[in-house]
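> give me coordinates for this.
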Amino acid sequence: MTSTKVAEAKAALERGEFDAAFILSAEAQAELPEDSEARELYAVIHLAKAIRLSDRAREARRLDLLHREIDYDVEFQDSPEVTRAYDEAAAAIDDVLRVAPDHWKARMLKAALVFRRDRESGRPQALEILHALAEADPTNKQIPFTIRKIERPCVRCGDTGFCPHCKGRGQRRVLRMERKCEKCYGRGICPACGVL
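Below you'll find the model as predicted:
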């Protein structure tokens, strides 16, 4: 039995009303927690929010590095705003995993976020998540590829995850003018490994 909330959430998505779909999917999942359609819709919609928050955390760090004029190869502590952005992204991913613990995309996103947040301390946890995913689905070719990228420190960026061309700023100074870095498309991430 499908809830009317599920139908309403789907209709809201079709109309492009993401906020309404977000709320309706949460209501549908709370109303019918065992309904697979309600659970999948919740996971998909809430994962989209988690992806946006994850991108926002990465962008907050880039802007913070730019503002604080920190070189990409210098050890630094994230500002409270950046820490909060990463915490919000992690909480959103954990929320999806609470409802759909086996959702492989949410687990991949969690591994990427843990690794992106702090490569040194996040590497073992990210690899643990990815190895469990690889064991559960040995046919998924994306998982071993991601494992290799995390296991092997990146030589291009010195394993910082930041674009070595613009030093993680997303901008380069050319003739005293700031221009968007063409190598990382202004994102400040290493073109080889930073997409994780």
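> drop to CA atoms for contacts and neighbour counts, all remaining ones
Noted.
> now for residue 57: which residues touch it?
82, 85, 86, 89 (CA atoms under 8 Å, 6 or more residues apart in numbering).
> tell me the one of those nearest residue 105?
residue 89 (14.3 Å; CA to CA).
> re the thing from before, helices - which of the contacts of residue 57 land there?
Among the contacts of residue 57, DSSP state H puts 82, 85, 86, 89 in helices.
> what's the burial count for the second one?
It stands for residue 85. Per other CA atoms under 10 Å, the neighbour tally for residue 85 reads 21.
> against residue 17, how distant is the residue lying closest to it once chain neighbours are set aside?
Once flanking residues are discounted, residue 85 sits nearest to residue 57: 4.8 Å by CA to CA, 6 or more residues apart in numbering. Residue 57 is 24 Å from residue 17, where distance means CA to CA, to the nearest Å.
> SS state for residue 128?
For residue 128, the assignment made with DSSP: H, G, I helix; E, B strand; the rest coil gives helix.
> pLDDT score for it?
For residue 128, the pLDDT comes out at 97.
> check what pLDDT the residue nearest to residue 85 gets.
Residue 57 is given a pLDDT of 95.
> go on, residue 196?
52.
> on that earlier part again, where's the residue nearest to residue 85, which helix or strand?
helix 36-68 (DSSP states H and E).
> of all the residues in that helix, which ones are buried?
37-51, 53-66 (16 or more other CA atoms under 10 Å).
> spatially central residue in the protein, please.
residue 54 (3.8 Å; CA atoms, centre = their mean).
> from residue 193, how far out is that one?
Taking CA to CA as the measure, residue 54 falls 16 Å from residue 193.
> check residue 122 too.
Distance from residue 122 to residue 193, by CA to CA: 15 Å.
> more neighbours: which of those two?
A direct count of neighbours by other CA under 10 Å for residue 122 and residue 193 places residue 193 higher, at 21 against 18.
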